[in-house]
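Enquirer: Let's see this in three dimensions:
(one chain, ligands or ions: 1)
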Amino acid sequence: MWFFRPEKFFFERLSHDADLFTEIRDIFGRSGGRMGFFTAVGAVKNARIAFYDQNRKEYIETFLDGPAEILSCVGNISDIEGDVSVHAHITLGYADSSVRGGHLLEGTAVFACELFGVILEGDVLHRKFDDITGLKLWEHGT
Ligand code: ZN
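Expert: Now for the predicted structure:
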């Protein structure tokens, strides 16, 4: 278990047509925060999400074309090989009240989005490849 203290909280309005994933990564990058977490609500014009197949150890990607509400988008920020790592999951609501969701990928177009972020102070967690899961998981910071 790793412990952190909150350093800063922030709100940010994401730009229309921005890429949801890269915009979150860039906002945290500009803030200087290397550890954090966030939530976001709003709407997207389309979405690119994935499901991790635990047997094949690969992501199965899905592109969802068309407008959807961001019912929930939650994630964390850490370090991957010196860059900002965003790990985010998203739940999307559609006009017929159905819900889809998964691991958020690049390629999701923002219609409107409000981001709430927390920048943490303390060690930085680094992601490294894990043989058992095939995922890049946290190793303790130095
Ligand atoms: Zn994930």
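
Enquirer: what about the strand or helix carrying Leu92, distance to the chain center?
Expert: Using DSSP states H and E, the element containing Leu92 is strand 83-93. Strand 83-93 has its C-alpha centroid displaced from the chain centroid by 2 Å (C-alpha atoms, centre = their mean, to the nearest Å).

Enquirer: Name the residues that touch it?
Expert: Outside strand 83-93, the residues within contact range by C-beta atoms under 8 Å, 6 or more residues apart in numbering are 20-21, 24-25, 28-29, 34, 38, 44, 47, 49, 64, 68-79, 99-104, 108, 127, 136. C-beta coordinates here come from the backbone N, C-alpha and C atoms, glycine included.

Enquirer: mind listing which of those residues are in strands?
Expert: Using DSSP state E, the subset of the contacts of strand 83-93 located in strands is 38, 44, 47, 49, 64, 68-79, 99-104, 127, 136.

Enquirer: Buried ones among those?
Expert: If you count burial by 16 or more other C-beta atoms under 10 Å, the buried members of the ones in strands among the contacts of strand 83-93 come out as 38, 44, 47, 49, 64, 68-70, 73, 75-79, 101-104, 127, 136.

Enquirer: Bridged to the most centrally placed residue in the chain, which residues?
Expert: The chain has Ala88 as the residue nearest its centroid, 2.6 Å off, counting by C-alpha atoms, centre = their mean. Beta-bridge partners recorded for Ala88 (DSSP bridges): Gly75.

Enquirer: how close does it sit to Glu23?
Expert: From Ala88 across to Glu23, the span is 11 Å (C-beta to C-beta, to the nearest Å).

Enquirer: helix/strand/coil for the residue of the chain most remote from its centre?
Expert: Most distant from the centre of the chain: Asp96, at 25.5 Å, with distances by C-alpha atoms, centre = their mean. Assigned by DSSP: H, G, I helix; E, B strand; the rest coil, the conformation of Asp96 is coil.

Enquirer: Nothing else from me, thank you.
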